[in-house]
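Enquirer: Build me a model:
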Amino acid sequence: MLSAVLIWGINFTAVKYALREFSPMAFNGVRFSLATVAMSLILLWQARATRDPGLLWLPRRDWLRLGLLGLLGNTLYQLLFINGMNFTTPANSSLLMATAPIWVAVIGYLLGIERISRLMWGGILLSFLGMVVLILGGEGRLSLSGSTLLGDLMLLGCAIVWALYTTISKPYLGRYSPLKLTTWTMITGTVPLALICLPAIVRQDWRAISWVGWGALFFSAFLAVVVGYLVWYTSVQRVGNARTAIYSNLTPVFAITFAWLTLGSTLAWLQALGAIIVLAGLLLSRYGRVK
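Expert: Below you'll find the predicted structure:
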């Protein structure tokens, strides 16, 4: 998970570069289409290498469920995220997305999938407090005005959707490998996403894209999506939803650090304090028992 959140932290800078040249919907549609093709090829290679054709099909009883899971975690999530970012501030979006571990813990508890100890709850809440300090300590400022309300609601919905996607996926990881589950949910989610993004893809001026834009697109597709999703699902399978989700609070820590190193962004002392609090919450959660 540390490798995944490091990739996702760098991905914020990659996406920032890419969106200077791509429209958001064209970028998202092509990115997920490329990632889905890559994931499908990896699954096909593994099926041939292990001589296990069962990797390439699903039991009929799971077709509808995994199809809906793909629509939830890939189509709906990505549409909420990319459009929410257009209607709110970076500070608001970072804070709202940082609520995902709390929603994962709450939903998992309500559904009876995980029982979370008080120590684990303390780690989750401490990590979230660190996120608030991290964001308020930066150049960005929170804004709760009516002009950002639509974007704020979209990104709050985005965090809840990701929490549902993570929590509902856990039982299927007892029957399917992370690669198989990720690939099939991506196929079912990316097809409608690509169709929705198709008008923007057609309008995009592809000849104007520089090598930096293409590099950012490929990084975001193959590392942030393919590698990141596989690591995420593997972690959910091995250590549970809540403990995996809390690692995502480290993403802004890596994002701010990488932007400071590459884009010349400032790094305030309050941001450093916030990062330390996030790490403290993460360490505390590791000692909490999740049943």
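
Enquirer: rest of the way, CA atoms for contacts and neighbours
Expert: Fine.

Enquirer: What segments of the stretch 151-291 of the chain are helices?
Expert: In the stretch 151-291 of the chain, the helices defined using DSSP state H, counting those that start in this stretch lie at 178-203, 211-218, 228-239, 241-246, 251-262, 269-287.

Enquirer: Where does residue 109 fall, secondary structure wise?
Expert: Assigned by DSSP states H and E, residue 109 falls within helix 100-110.

Enquirer: by contact count, what packs against that helix?
Expert: Applying 3 or more Cα pairs under 8 Å, 6 or more residues apart in numbering; DSSP states H and E, one finds that helix 100-110 makes contact with helix 118-136, helix 149-169, helix 241-246.

Enquirer: and it, which residues are buried?
Expert: Across helix 100-110, burial judged by 16 or more other Cα atoms under 10 Å covers 100, 101, 102, 103, 104, 105, 106, 107, 108.

Enquirer: Now render those as a markdown table, adding distance to residue 211 and pLDDT.
Expert: Putting the buried residues of helix 100-110 into a markdown table (distance: Cα to Cα, whole Å; pLDDT from 0 to 100) gives the following:
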| residue | distance to residue 211 | pLDDT |
| --- | --- | --- |
| 100 | 34 | 76 |
| 101 | 36 | 74 |
| 102 | 39 | 76 |
| 103 | 39 | 79 |
| 104 | 38 | 79 |
| 105 | 41 | 76 |
| 106 | 43 | 78 |
| 107 | 42 | 82 |
| 108 | 43 | 79 |
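
Enquirer: how many other residues sit next to the nearest residue to residue 208 once chain neighbours are set aside?
Expert: Closest residue to residue 208 apart from its sequence neighbours, by Cα to Cα, 6 or more residues apart in numbering: residue 21 at 7.5 Å. Neighbour count for residue 21, taken as other Cα atoms under 10 Å: 18.

Enquirer: For my notes, confirm residue 21 occurs in a helix.
Expert: No - using DSSP: H, G, I helix; E, B strand; the rest coil, the secondary structure at residue 21 is coil, not a helix.

Enquirer: list the contacts for it?
Expert: By Cα atoms under 8 Å, 6 or more residues apart in numbering, residue 21 lies in contact with 208, 209, 210, 213.

Enquirer: repeat that with 10 Å
Expert: Residue 21 is in contact with 27, 204, 205, 206, 208, 209, 210, 212, 213, 214, counting by Cα atoms under 10 Å, 6 or more residues apart in numbering.

Enquirer: What residues does the second one make contact with?
Expert: I take that to be residue 204. Residue 204 touches 21, 22, 23, 25, 26, 27, 198, counting by Cα under 10 Å, 6+ apart.

Enquirer: swap in the third one?
Expert: Residues in contact with residue 205, defined by Cα under 10 Å, 6+ apart, are 21, 22, 23.

Enquirer: What backbone torsions are found at the second one?
Expert: For residue 22, the backbone dihedrals (degrees, to the nearest 10) come out as phi -100, psi 150.
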